[in-house]
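Participant: Predicted model, plus sequence, below.
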Amino acid sequence: MQPWYELPSHRLWLQQQSVDLLDFGRNVVRSGGGASVLSDDGQPLVDQPVFTWITCRMVHVYSIGTLLGIPGSKPVAQGALAGLTGILKDEAAGGWFSSVAADGTPEADKSAYAHAFVLLAGTSATRAGLEGGRELLDAAIEVFEKYFWDEAAGKLIDTWSTDFSTPDPYRGINANMHGVEAMLTVADVTGDDKWLLRAQRVVDFVIEQAKAHNWQIPEHYDVNWNAELEYNDDQRDDQFKPYGVTIGHSLEWARLMLHLEASLDALSLPHGDYLGAATALFQAAVDKGWDVDGEPGFVYTTDWEGKPVVRGRMHWVAAEGIGAAAALWERTREQQYADAYQLWWDYVDTHLIDHKLGSWFHELDEKNVPAALVWPGKPDLYHAFQATLIPRLPLTPSLASAVAEGKLR
């Protein structure tokens with residue numbers, strides 16, 4: 001059977017999914033700027049905080065919608081961006097609050113996770129020609145380099161106190177993963193190769209750690225970057241720092257390694273065996289995470305022996321599985337990746353796409369019934385939207401740049 005990637009009808013289906021997602025989130029802009037958390041039917045939950053990471057993701061998504069020529073996208077992107085130059089920006093200490101509550105109270109501390117998404121938003125907004133986009137990117141680069149990039153360690157400092165006076169000793173892979181994603185986009189938009197070399201240092205560390213743990217990535221570290229394998233054993237389903245092995249991150253890292261490889265190759269810069277690492281991470285995630293407990297779907301987390309810990313099915317894990325399979329197919333043209341891609345889109349269409357209210361259910365239980373234990377509502381569009389784009393784009397440049405340069409297939 002001809003792989004779906006090669007079918008114009010499948011690419012049209014992906015495009016329709018992109019448009020449907022953009023339509024679902026059209027009411028996301030908060031009064032005064034920023035993006036709301038979305039309910040199951042796409043309505044803004046105004047009693048929830050304005051989160052920087054959600055706001056940035058929506059700037060990114062609707063900037064790409066603008067580049068795709070989807071009417072209505074630019075006003076949404078511009079309205080979300082207004083939150084990054086307004087309520088979410090810390091004018092006193094610099095940088096961005098992680099969130100601001102409905103009563104105007106900022107969340108304590110400043111996170112690399114949120115600031116990586118500010119970089120992403122800045123690059124996408126710049127590519128889309130949004131007013132203030134390049135200024136946002138320049139400001140984000142300044143803060144990121146001053147506080148979050150640790151040149152000596154070759155990785156990111158995870159969290160600072162609100163006034164940037166005291167760094168937290170915790171170090172985490174999640175922030176570094178989105179830092180790599182952002183660095184690839186900054187390199188594309190600015191033309192500065194140092195961002196690729198920074199991303200390479202992070203990726204090389206992740207590969208070293210994964211090799212030492214049977215191609216499972218430790219997520220949590222102390223200040224000296226020693227892995228803490230039992231971290232959050234008492235909070236196993238934490239939204240951002242769950243215990244054990246996060247299956248979706250193995251898939252996401254596999255894809256990012258291939259994007260980095262392609263970017264380095266384009267400049268004839270040396271690197272390690274990123275394809276080998278990506279295939280090993282992908283296979284370990286599939287073996288330990290997919291269809292392992294009698295029901296289809298990826299479990300959220302496992303322990304270090306590969307036993308499922310949190311059996312719920314998070315939408316973003318399936319989306320990243322699709323993205324990783326697409327990237328590996330693009331890189332290798334091996335049938336196993338085309339087969340996985342098609343299997344997982346069938347799963348998404350059957351279980352995750354909400355054909356009644358729109359978008360994707362963000363969480364299912366172990367029986368694939370919609371649930372809301374970890375992620376209530378349908379907060380944002382980022383993972384699902386990117387799953388509709390990655391199969392239609394080359395491995396480099398990054399998504400917004402590739403769309404801006406007319407590389408969409």
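Facilitator: On my side now, so go ahead.
Participant: how much space is there between the closest residue to Gly65 other than its chain neighbours and Asp168?
Facilitator: Nearest residue to Gly65 in three dimensions, chain neighbours excluded: Ser73, at 3.1 Å (Cβ to Cβ, 6 or more residues apart in numbering). In this view, the C-beta of every residue, glycine as well, is placed from N, C-alpha and C. From Ser73 across to Asp168, the span is 37 Å (Cβ to Cβ, to the nearest Å).
Participant: and what of Ala266?
Facilitator: Using Cβ to Cβ, we find Ala266 at a distance of 36 Å from Asp168.
Participant: More neighbours: which of these two?
Facilitator: More crowded of Ala266 and Asp168, by other Cβ atoms under 10 Å: Asp168, with 15 against 12.
Participant: which residue packs closest to Pro106, ignoring adjacent ones?
Facilitator: Phe97 (4.0 Å).
Participant: And for Asp150?
Facilitator: Ile157 (5.3 Å).
Participant: May I have the residues that are in contact with that neighbour?
Facilitator: By Cβ atoms under 8 Å, 6 or more residues apart in numbering, Ile157 lies in contact with Ala112, Tyr147, Phe148, Trp149, Asp150, Pro167, Arg171.
Participant: residues near Tyr5, how many?
Facilitator: By the other Cβ under 10 Å criterion, the neighbourhood of Tyr5 contains 19 residues.
Participant: Kindly report the same for Tyr170.
Facilitator: When counting by other Cβ under 10 Å, one arrives at 16 neighbours for Tyr170.
Participant: Is it in contact with Thr159, as I believe?
Facilitator: Yes: counting by Cβ atoms under 8 Å, Tyr170 touches Thr159, with 6.5 Å between them.
Participant: Need the pLDDT of Trp375.
Facilitator: For Trp375, the pLDDT comes out at 69.
Participant: try Gly129
Facilitator: 98.
Participant: What are the boundaries of the strands in the stretch 1-150 of the chain?
Facilitator: Along the stretch 1-150 of the chain, counting by DSSP state E, counting those that start in this stretch, strands occupy 50-51, 99-100, 110-111, 149-150.
Participant: distance of the closest residue to Val180 other than its chain neighbours from Phe117?
Facilitator: Nearest non-adjacent residue to Val180, counting by Cβ to Cβ, 6+ apart: Ala199, 4.6 Å away. Applying Cβ to Cβ, the value for Ala199 to Phe117 is 16 Å.
Participant: What residues does the residue nearest to Pro106 make contact with?
Facilitator: With contacts defined as Cβ under 8 Å, 6+ apart, Phe97 is in contact with Thr52, Leu88, Lys89, Asp90, Pro106, Glu107, Lys110, Thr162.
Participant: switch to 7 Å and redo it
Facilitator: Taking Cβ atoms under 7 Å, 6 or more residues apart in numbering as the criterion, Phe97 is in contact with Thr52, Leu88, Asp90, Pro106, Glu107.
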